[in-house]
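> next comes the sequence, and after it the predicted model I'd like to discuss.
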There are 2 protein chains.
Amino acid sequence: MRIAELSRRSGVAVPTIKFYLREGMLPPGERTSPNQAQYDEGHVRRLRLVRAMIDIGGLSVAAVREVLATVDSPRDNLDELMGAVSKALVDEPAEVDPSALAEVGELLGELGWDCGTDHPSASSLAAVYTAAREVGHERIIDGIPRYAKACELIAAVDLDYVEGAAEVDQMLESVVVGTVLGGSALSALRRLAQAAESGRRYPPGVVESEGLAGVADPV
Amino acid sequence: MRIAELSRRSGVAVPTIKFYLREGMLPPGERTSPNQAQYDEGHVRRLRLVRAMIDIGGLSVAAVREVLATVDSPRDNLDELMGAVSKALVDEPAEVDPSALAEVGELLGELGWDCGTDHPSASSLAAVYTAAREVGHERIIDGIPRYAKACELIAAVDLDYVEGAAEVDQMLESVVVGTVLGGSALSALRRLAQAAESGRRYPPGVVESEGLAGVADPV
DNA sequence: GGTGAATGGATAGTGTCACTCTCCACTATC
DNA sequence: GATAGTGGAGAGTGACACTATCCATTCACC
């Protein structure tokens, strides 16, 4: 197919497709003459993946390019691939308080998680610790171990999903899709679960004259 | 204190503070003369909160303004406040496939979550369903119920955190901090848990000649 | 074989965002 | 009285993600 059909099939405007080609987020079509090229089903899929990462995952064009470059030149084990995708997905904080990082290391030890504090996300978590203290909400850190238990369940789902991929290239893509779309799904589910739990704890109908109903003075 | 000290205490540049004042993200200082104003500890806290939301939470200035406006004019129950913060935090997808939304409704029913599909996050989740199918990864949807179970644990932590706040205005802020900083902590923990789980399933040292070690042909 | 639409490629322009700079009249402090 | 700092407003900046325009082909149809 040519660019017009690719545009129609993917829902992406022709100038935008040209832009993505220039940016290397979409491989060039197969050249049939000096200024003609053919695109295939793979281009449609890739384009949809790009749009999903941008629209649903909220990634920047630069992040998408980096993630796709990782997928296109795969590593030889899952750990490394996931690490590479993580690195492309998170922008590691510039400087992290070493004591907060040590605290994260301690947490990882208690949890029995053998990933070290050199993992980029360990720095991200340490940055959250620091920020929480700066805004006077250090109390939030007390909940982290329970968050971690929930994340063990989530990670098991994530790994199962990647394992369940039929082919190796599907597997690479499933790391990306699982991380990006899964992340959006999780944040939506979290909010829904909060609403549900809140409704369970403080059933509607109970109205109080001041403060937060059922919270300042729980029923 | 005056603006220079506020800048020093908060680590935010003076022109940026002026910008935040203009944008209404920081309440004006107490005027002592036509062109002099005093700022207090509350301004320092607020400024740190703004920076945490932007730097750690990745919120836009517009989103921060909206969230703070919500906090500054609180509702009379927790459900409503959380809903208002959610609304300010997520940009609801423009159009959602009704059948995907119905599917989300079914899921909510099975889970016993009594929040309806009119919750903005229900649409977000439906958008993920649609995007997953468009990129040929509908299989990811099978993992959603297990994600949801993990989110029940997370939501319990979140609600406990808000309940534990000493005063009502602390409580309002804890909804924001819990949602924003908690979200960043969760995504970092998820990645760390993935790395740990991956290391557990495929211990290092096992090297294979092709494909993903221990995955294409699990040990 | 001629003609109008479409193509690939490149360059320049657009709108948004989050500051950042510059200017101003005025105030505080030495 | 000199100098630095202040609140306030408007214009300017750089990054980002497209979008528009142009051009020399090339295609599809008559």
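Cool, the structure landed.

> spatially central residue in chain A, please.
The residue lying closest to the centre of chain A (Cα atoms, centre = their mean) is A:V180, at 3.6 Å.

> check the gap between that one and B:E110 for me.
25 Å (Cβ to Cβ, to the nearest Å). Glycine gets a C-beta too; all of them are placed from N, C-alpha and C.

> what part of chain A, helix or strand, is modelled with the least confidence?
For chain A, counting by mean pLDDT, DSSP states H and E, helix A:78-89 ranks last in confidence among helices and strands (a mean of 78).

> close to chain B, is that helix?
Yes - Helix A:78-89 is in contact with chain B by Cβ under 8 Å from any Cβ of the partner chain, via A:78-79, A:81-83, A:86.

> restrict that helix to CA atoms and write it as CSV.
This file holds the C-alpha atoms of helix A:78-89, laid out as CSV (Å, rounded to 0.1, in the frame of the first residue of the first chain):
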residue,chain,number,x,y,z
LEU,A,78,14.4,-10.7,29.3
ASP,A,79,16.0,-8.9,32.2
GLU,A,80,18.1,-6.8,29.9
LEU,A,81,15.2,-6.0,27.6
MET,A,82,13.0,-4.9,30.4
GLY,A,83,15.8,-2.9,31.9
ALA,A,84,16.3,-1.2,28.5
VAL,A,85,12.6,-0.4,28.1
SER,A,86,12.5,0.9,31.7
LYS,A,87,15.4,3.1,31.0
ALA,A,88,13.8,4.5,27.9
LEU,A,89,10.5,5.0,29.7
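
> now do the strands in chain A.
A:30-33, A:36-38 (DSSP state E).

> wait, A:H119 sits on B:A193?
No - using Cβ atoms under 8 Å, A:H119 is not in contact with B:A193, being 10.9 Å away.

> quick one, which of those two is more surrounded?
B:A193 (26 against 23; other Cβ atoms under 10 Å in any protein chain shown).

> neighbours around A:R45, how many?
16.

> can I assume it is in contact with B:E134?
No - counting by Cβ under 8 Å, A:R45 stays clear of B:E134, with 9.1 Å between them.

> give the residues shared as contacts by the two.
Common neighbours of A:R45 and B:E134, using Cβ atoms under 8 Å, 6 or more residues apart in numbering or on different chains, do not exist here.

> burial of A:E30, as a residue count?
Neighbours around A:E30, by other Cβ under 10 Å: 11.

> does any bit of the top helix by length along chain A sit next to DNA strand D?
Using DSSP state H to define each element, chain A has its longest helix at helix A:168-201. No - Helix A:168-201 does not reach DNA strand D (Cβ under 7 Å from any atom of the strand); its nearest approach is 14.2 Å.

> for that helix, buried residues please.
Neighbour counts over helix A:168-201 (16 or more other Cβ atoms under 10 Å in any protein chain shown) mark A:171-198, A:201 as buried.

> now swap in stretch A:60-70 and tell me
A:63-68, A:70.

> and of these, the nearest to B:D40?
A:A63 (39.4 Å; Cβ to Cβ).

> so how far is B:A150 from that closest one?
25 Å.

> equivalent analysis for A:G164, please.
18 Å.

> among these two, which residue is more densely surrounded?
Of the pair A:G164 and B:A150, B:A150 is the one with more neighbours under other Cβ under 10 Å, namely 25 against 14.

> can you give me the pLDDT of the more buried one?
As predicted, B:A150 sits at a pLDDT of 98.

> list the contacts for it?
Taking Cβ under 8 Å, 6+ apart, one finds A:150-151, A:153-154, A:157, A:186 in contact with B:A150.

> any idea how far DNA strand D is from it?
In this view, B:A150 and DNA strand D are 30 Å apart by Cβ to the nearest atom of the strand, to the nearest Å.

> likewise A:D142?
A:D142 is 36 Å from DNA strand D, by Cβ to the nearest atom of the strand.

> same question, A:L189
26 Å.

> not counting sequence-adjacent ones, nearest residue to A:G105?
Excluding the flanking residues, the one nearest A:G105 by Cβ to Cβ, 6 or more residues apart in numbering or on different chains is A:T117, at 4.4 Å.
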